[in-house]
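Asker: Fold the following and give me the result.
(one chain, ligands or ions: 3)
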Amino acid sequence: MRIFLACVAACAASLAEAAPSDYRERLPEDEIVYFVLPDRFENGDRANDRGGLDGDRLTTGFDPTHKGFYHGGDLKGLTARLDYIQGLGATAIWLGPIYKNKPVQGGPGQESAGYHGYWITDFTRVDPHLGTDAELRAFVDAAHGRGMKVYLDIITNHTADVIQYRECPNTACAYRSRADYPYSRRGGPAGAPINAGFAGDDVRTEANFAKLTDPTFAYTPFVPPAEANVKVPTWLNSVHYYHNRGNSDFWGESSLFGDFVGLDDLATENPRVVQGFIDIYGDWIERLHIDGFRIDTARHVNPEFWRAFVPAMLKRARANDIPNFHIFGEVAAEGVDVAQLARHTRDDKLPSVLDFGFAGAMSQVLSGKAGTGLLARLYADDVLYEGGAPAALRLPTFTGNHDFGRLAYLLRTALPDAGNDELLKRVLLSNAMLLTLRGVPVVYYGDEQGFIGHGNDQAARQDMFASQVASYNDQPLLGGGSTTAVANFNALHPIYKELATLASLRKQYPALRRGRQVPRAESREPGLFAVSRIGNDGREILLAFNTSARPIVARVQVEAGTQSFTTLLGRCDPAVVPGSARVELPPFGYSVCLAGTEP
Ligand SMILES: [Ca+2]
Ligand SMILES: [Ca+2]
Ligand SMILES: [Ca+2]
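Answerer: Ligands and ions are numbered 1, 2, ... in the order given. Predicted coordinates:
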């Protein structure tokens, strides 16, 4: 086995050397994605830390001691760390939004900064905190030079919070529905008639929206004079292109028409808005030849928008010789709700969606709150996606993220009595599942260094470079003696090394990327989960995982034609009875077994 693993590393290295010239030929399911928030990764230029602004943190947004402000990371720093990212086995980078943001938002005492990138004012240029347009180009070129792809994070649902409403100067504005505040009356049914002839927002023509001239149907929206021209392109500065109905309560109609905590919700039914975003993001494809988009808040935009936007982006990509441009949407779903995810591939025609079902199932299965049958059910539902099970091979899978928190944090919360040793075993097991089961694995930066965190959102966005945030630095990392008070780019970290090994296997065996997945074993309680991945050549790879704290010995069904197994990882019993193999796993252990005697 040792000799063989050496071969895996050597083979993978030679593959990687051959890769750079033809990275564009790889299919989306061939990638291993690394998701990074550039502000939190590496500071390559201290001169841009304040984004070219003067003043305190409420002006510049910069305060490296506060988890809600800019910390100084930038594109130059990220570019300098590409060796580290590629060494992990990642083949693509999902870059958090890099467009110019409103530096600081929030009421008195509630301020925080746009360090995360989701509060855009200028959609056409790089935020000065993160660097320059030229530095973004240098980053993309450097990644491409290594055969790595770059996916940009895009937003069309909202801009920064610039528009305010006269009716609620000091409080949050509650959502006002189309029934209670119709487009046809000012400020409610008893108000003056306005917008004569407007046929409703479901008649999505320029002629119809030309009749929606008065935006005071629900609230009286206005832009503070100092921010009158802050948005780019300039059409975005008109309140007419927004819904202006107050804050979403993430329920019913408000999910599409409400402001995301004050962020200005765009009227994405309006053809001018559709064309505006086709131009904005088509231009980024043209300028940088990037390889795909991750779409933020996709479920808060109407399906018709995506049905126009997605084909336009794919066309633009093909015109720029990017045949495998990947687009995946964020449909933030609670728990395991495949129907909701799949709906957005069928109705919106999104090519793919982030697999929130996998994430939801993994936190339950890995914490022992659910048996592995939950995963079996998840995969059985793959047929619901547009394109069925083959389309599910392209779903980006993940176990934690920048919004709801890292898996290690979720497991610690679910298992308060578990020590770090057990937590580490559970995390290592989760990575084996992430890298070998169907879907495109996404590693959230810092997971590979044993980052845990104390919560979600800001608490899950630790610094890779030496942090000054007390509530990050007070926590020992998994798998080593380090904390976030020092830089963590340790290629010898046990989680990093495990991921690199798994990534090598995934690159070497197409069945782990493109092979169909056949269910083999599931359990009502924590215990065995097994599937086979079967490639075009018919050769089987048997994957077995033990989510329980006790050893497992069991027999699982395998292909009738499989006559023996060779160990790729863990321990594989070479002897096979036609149609049945013996599986033996230690607590939280896993095995990857290849049919046949030759690796
Ligand atoms: Ca910097
Ligand atoms: Ca607003
Ligand atoms: Ca919306």
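
Asker: quick one, what contacts whatever residue of the stretch 451-599 of the chain ends up closest to ligand 1?
Answerer: Closest to ligand 1 within the stretch 451-599 of the chain is F465: 9.8 Å, counting by CB to the ion. Just so you know, the C-beta spots here come from the backbone N, C-alpha and C atoms, and that holds for glycine as well. Counting by CB atoms under 8 Å, 6 or more residues apart in numbering, F465 touches 41-43, 71-73, 77, 487.

Asker: Low-confidence bits of the stretch 251-400 of the chain, can you list those?
Answerer: Under the criterion pLDDT under 70, no range of the stretch 251-400 of the chain is flagged.

Asker: Which stretches in it count as helices?
Answerer: 254-257, 271-288, 303-319, 338-346, 356-366, 373-380, 388-392 (DSSP state H, counting those that start in this stretch).

Asker: Which strands or helices does the second one pack on?
Answerer: Contacting helix 271-288 under the criterion 3 or more CB pairs under 8 Å, 6 or more residues apart in numbering; DSSP states H and E are the following elements: strand 120-126, helix 133-145, strand 149-154, helix 206-209, helix 303-319.

Asker: just to revisit the earlier point, reformat the helices of the stretch 251-400 of the chain as CSV; add distance to ligand 2 and mean neighbour count.
Answerer: Formatted as CSV, the helices of the stretch 251-400 of the chain follow (distance: least, CB to the ion, whole Å; neighbours: other CB atoms under 10 Å):
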stretch, distance to ligand 2, mean neighbour count
helix 254-257, 13, 20
helix 271-288, 16, 18
helix 303-319, 20, 18
helix 338-346, 25, 20
helix 356-366, 27, 25
helix 373-380, 37, 20
helix 388-392, 36, 17
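
Asker: and those helices as a markdown table, adding distance to ligand 3?
Answerer: Shown next, in a markdown table, are the helices of the stretch 251-400 of the chain (distance: least, CB to the ion, whole Å):
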| stretch | distance to ligand 3 |
| --- | --- |
| helix 254-257 | 5 |
| helix 271-288 | 10 |
| helix 303-319 | 9 |
| helix 338-346 | 14 |
| helix 356-366 | 19 |
| helix 373-380 | 28 |
| helix 388-392 | 25 |
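
Asker: Buried residues in stretch 228-236, which are they?
Answerer: For stretch 228-236, burial by neighbour count (16 or more other CB atoms under 10 Å) applies to 230-232, 236.

Asker: And the residues you listed, which is closest to A143?
Answerer: Sorting these by distance to A143 puts V232 at the head of the list, at 25.9 Å, by CB to CB.

Asker: what's that closest one sitting at in phi/psi?
Answerer: With angles defined as degrees, to the nearest 10, V232 sits at phi -130, psi 130.

Asker: wait, it sits on T124?
Answerer: Yes: with contact defined as CB atoms under 8 Å, V232 counts as touching T124 (5.3 Å).

Asker: Please pick the buried ones from the contacts of F465.
Answerer: In the contacts of F465, burial by neighbour count holds for 41-43, 71-73, 77, counting by 16+ other CB under 10 Å.

Asker: nearest residue to the closest residue to ligand 3 within the stretch 101-250 of the chain other than its sequence neighbours?
Answerer: Residue nearest to ligand 3 within the stretch 101-250 of the chain (CB to the ion): N157, separated by 4.6 Å. With CB to CB, 6 or more residues apart in numbering as the criterion, N157 has its nearest non-adjacent residue at 4.2 Å, and that residue is T297.
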